[in-house]
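Enquirer: below: sequence and its predicted model.
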Amino acid sequence: MEKRDMKGRVAVCDLSIRLPGFRLEHISFSIEPGEFFLLLGPTGAGKTLTLEALAGLVPINTGTLHVNGQNVTRLPPEARSVGIVYQDYALFPHLSVMENICYGVRYRKPEVRMPRKQINELMSQVGIAHLANRSIVTLSGGEKQRVALLRALAVNPSVLLLDEPLSALDPGFREDLQQLLKALCRATGTTFLMVTHDVDEARFLGERAAVLHDGRIEQTGPVAWLFQKPSTVFVARFTGVRNIFPAVFDGDRAILGGCELMMEAPAPASAAHVAVRSENVRLTNGTTGSGGVNQMTGRVTGLTHMGPYVEAMIQAGGLPWRSAVSLEAFARINPAPGRTVGMEILPEAVVPISSGT
Ligand SMILES: Nc1ncnc2c1ncn2[C@@H]1O[C@H](COP(=O)(O)OP(=O)(O)OP(=O)(O)O)[C@@H](O)[C@H]1O
């Protein structure tokens, strides 16, 4: 790859950080120029540490870090061409909006900083042009986060690191800012690496993601793939899979409880469970269709109204299944507790998963 094609490329290879009481181990992933990549995981998984290692803010024990094709492992933070945006904005309260945005610019050579004209355009794009002279302390959370974003982008980093930038905002503001983040990533061509523990946010924002658990990466891949084809019990739970059962495998057949399900391909040797998303458990009327591939009959044991759908609990094949029933299907099938219903799962929705790292 030519040097200019490497601009914005990130490669983290076998990163480890050992702290009293916590170990980040064998972290490896790479990000393509201009990509919106997510580090996903629950609290305490090591997401912030990974970001800070890339930014040069914490010492690392082993591993190499490349930005723009350059080995930055031993470089100081200011020489890495990365910017960082925090959840709590970290703005200067005594400066105005424009002074905050341009704060880092004055320390940069003209050829590497963002031209003032582009800063003005971005301020208009994110809807804060009219606030240029306002004091930071008078802004709302959403406005502050817009200022923080532009301050980080104004020094023209190749890579922008974002540590849960939306988590302090009300849900209404969050959606606007999610749209804005996507638009800024596209408009500036900057690589975005964002930390979040919010799976809905991940679904909306990310192209690819790495899922961290207890200091290790469990799975890396396109966000949609992590949801549809989790590879471990942890990733399945984290992405909201409601049916996870221990299983044994015989080629492309999974045997779980008192039932046998066909999969689309043979399970890997590491597989020990089966994951089925509740939206992939389709209900049918009565015993209709029972006896076909992955069709069973079950008894409804409970219902939970979730707003746009109803989660039905079905006892079938000796296991407690959960099915997300659309309101239309709910009205048609009427899966009232105690009733017998048919249940169908496509082979591609039966996902063999391992116990994890
Ligand atoms: N300087 C430090 N010394 C000791 N332990 C630390 C230090 N910094 C972080 N840790 C610990 O490392 C673990 C991972 O922290 P990290 O902030 O990376 O988690 P996270 O995934 O970003 O979680 P959250 O979503 O809550 O921010 C935590 O248990 C934290 O307490």
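Expert: Alright, I've got the coordinates.

Enquirer: does V147 count as helix, strand or coil?
Expert: At V147 the chain is in helix, as set by DSSP: H, G, I helix; E, B strand; the rest coil.

Enquirer: so which bits of this protein are right by the ligand?
Expert: The chain has residues 19-22, 41, 43-49, 197 near the ligand, with proximity defined as Cβ under 6 Å from any ligand atom. For the C-beta atoms, the positions are set from N, CA and C on the backbone; glycine is no exception.

Enquirer: export the residues you listed as JSON lines, with columns for secondary structure and pLDDT.
Expert: What follows is the residues of the chain next to the ligand, written out as JSON lines (DSSP: H, G, I helix; E, B strand; the rest coil; pLDDT from 0 to 100):
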{"residue": "L19", "secondary structure": "strand", "pLDDT": "95"}
{"residue": "P20", "secondary structure": "coil", "pLDDT": "94"}
{"residue": "G21", "secondary structure": "coil", "pLDDT": "93"}
{"residue": "F22", "secondary structure": "strand", "pLDDT": "96"}
{"residue": "G41", "secondary structure": "coil", "pLDDT": "95"}
{"residue": "T43", "secondary structure": "coil", "pLDDT": "92"}
{"residue": "G44", "secondary structure": "coil", "pLDDT": "93"}
{"residue": "A45", "secondary structure": "coil", "pLDDT": "96"}
{"residue": "G46", "secondary structure": "coil", "pLDDT": "96"}
{"residue": "K47", "secondary structure": "helix", "pLDDT": "96"}
{"residue": "T48", "secondary structure": "helix", "pLDDT": "94"}
{"residue": "L49", "secondary structure": "helix", "pLDDT": "96"}
{"residue": "H197", "secondary structure": "coil", "pLDDT": "90"}
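
Enquirer: for those, which two are the farthest from each other?
Expert: Using Cβ to Cβ, these reach their maximum pairwise distance at P20 and H197, which is 23.4 Å.

Enquirer: out of the two, which sits in the busier spot?
Expert: H197 (18 against 4; other Cβ atoms under 10 Å).

Enquirer: how about the residue lying closest to that one once chain neighbours are set aside, what does it touch?
Expert: Leaving aside its sequence neighbours, H197 sits nearest to P42 (Cβ to Cβ, 6 or more residues apart in numbering; 5.7 Å). When contacts are counted by Cβ atoms under 8 Å, 6 or more residues apart in numbering, P42 touches H197, H213, F238.

Enquirer: quick check: the second one touching F234?
Expert: Yes: between H213 and F234 a contact is recorded at 4.9 Å, counting by Cβ atoms under 8 Å.

Enquirer: what's the overlap in contacts for those two?
Expert: Shared contacts of H213 and F234, counting by Cβ under 8 Å, 6+ apart, come down to G356.

Enquirer: in the stretch 101-250 of the chain, what residue lies closest to the ligand?
Expert: Using Cβ to the nearest ligand atom, the point where the stretch 101-250 of the chain gets nearest to the ligand is H197, with a distance of 5.2 Å.

Enquirer: who has more neighbours out of H213 and F234?
Expert: Ranked by neighbour count (other Cβ under 10 Å), H213 and F234 place F234 first, with 24 against 21.

Enquirer: got the phi and psi for the most centrally placed residue in the chain?
Expert: Geometric centre of the chain, nearest residue: A202, 3.4 Å, by Cα atoms, centre = their mean. Main-chain torsions, A202, degrees, to the nearest 10: phi -60, psi -40.

Enquirer: what's near enough to touch it?
Expert: By Cβ under 8 Å, 6+ apart, the neighbours of A202 are L38, L40, T196, A209, V223.

Enquirer: pull the contacting residues for the second one.
Expert: For L40, the set of contacting residues under the criterion of Cβ under 8 Å, 6+ apart consists of K47, T196, H197, V199, A202, G206, A209, A210, V211, L212, L226, F238.

Enquirer: and the furthest pair within these?
Expert: Between all members of these, the farthest pair (by Cβ to Cβ) comes out as K47 and L226, at 15.0 Å.

Enquirer: more neighbours, those two?
Expert: Set K47 next to L226 and count neighbours by other Cβ under 10 Å: L226 wins out with 27 against 24.

Enquirer: who does whichever helix or strand the more buried one is part of touch, helix- and strand-wise?
Expert: Per DSSP states H and E: L226 is located in helix 223-228. When contacts are defined as 3 or more Cβ pairs under 8 Å, 6 or more residues apart in numbering; DSSP states H and E, helix 223-228 sits against helix 199-205, strand 208-213.

Enquirer: and the contacts of that helix?
Expert: 38, 40, 202-203, 206-209, 211, 219, 235, 239-240, 277, 351.

Enquirer: now a PyMOL select for only the buried ones of these.
Expert: Those of those that count as buried under 16 or more other Cβ atoms under 10 Å are selected in PyMOL with:
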select buried, resi 38+40+202+203+206+207+208+209+211+219+235+239+277+351
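
Enquirer: is it true that G41 touches G215?
Expert: No: the criterion here is Cβ under 8 Å, and G41 misses it with G215 at 9.7 Å.

Enquirer: with neighbour numbers in mind, choose between those two.
Expert: Using other Cβ under 10 Å, the more surrounded residue of G41 and G215 is G41, with 26 against 22.
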